[in-house]
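**Q** this one's structure only:
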């Protein structure tokens, strides 16, 4: 049986947060602690708008 919602989710690109420089798993990138919320995922009582509440951002590494 095909599950349309499952097939659609597999074809959609990963959701990027405003602080992400690239998609997760992109060559030359890695996870880092969000500089806005210091990794907590929250600013006050709301989710951090930079990392989307994850506490992590994806950014380029190695100075390339």
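**A** Cool, the structure landed. Every value quoted in this text rests on a predicted model; they were computed, and no experiment measured them. Numbering: from 1, shown residues only.

**Q** which residues are contacting stretch 27-37?
**A** 19, 21-22, 24, 39, 41, 43, 48-51, 54-62, 64 (Cβ atoms under 8 Å, 6 or more residues apart in numbering). Backbone N, C-alpha and C define where each C-beta goes, glycine included.

**Q** Just the buried ones among these, please.
**A** 19, 43, 48, 50-51, 54-58 (16 or more other Cβ atoms under 10 Å).

**Q** now, which of the residues you listed lie within strands?
**A** Judged by DSSP state E, strands contain the following of the buried ones among the contacts of stretch 27-37: 43, 56-58.

**Q** okay, those residues in CSV with pLDDT next?
**A** As requested, those are exported to CSV (pLDDT from 0 to 100):
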residue, pLDDT
43, 97
56, 96
57, 96
58, 95
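
**Q** burial of residue 16, as a residue count?
**A** The local packing of residue 16 (other Cβ atoms under 10 Å) involves 14 other residues.

**Q** residue contacts, it?
**A** By Cβ under 8 Å, 6+ apart, residue 16 lies in contact with 23, 58.

**Q** where's it relative to residue 52, distance?
**A** Residue 16 is 9 Å from residue 52, where distance means Cβ to Cβ, to the nearest Å.

**Q** Repeat that for residue 37.
**A** Per Cβ to Cβ, residue 37 is found 10 Å from residue 52.

**Q** neighbour-wise, which of those two wins?
**A** A direct count of neighbours by other Cβ under 10 Å for residue 37 and residue 52 places residue 37 higher, at 21 against 18.

**Q** Can you show me the strands along the protein?
**A** Using DSSP E, strands in the chain cover 29-33, 42-43, 46-47, 56-60.
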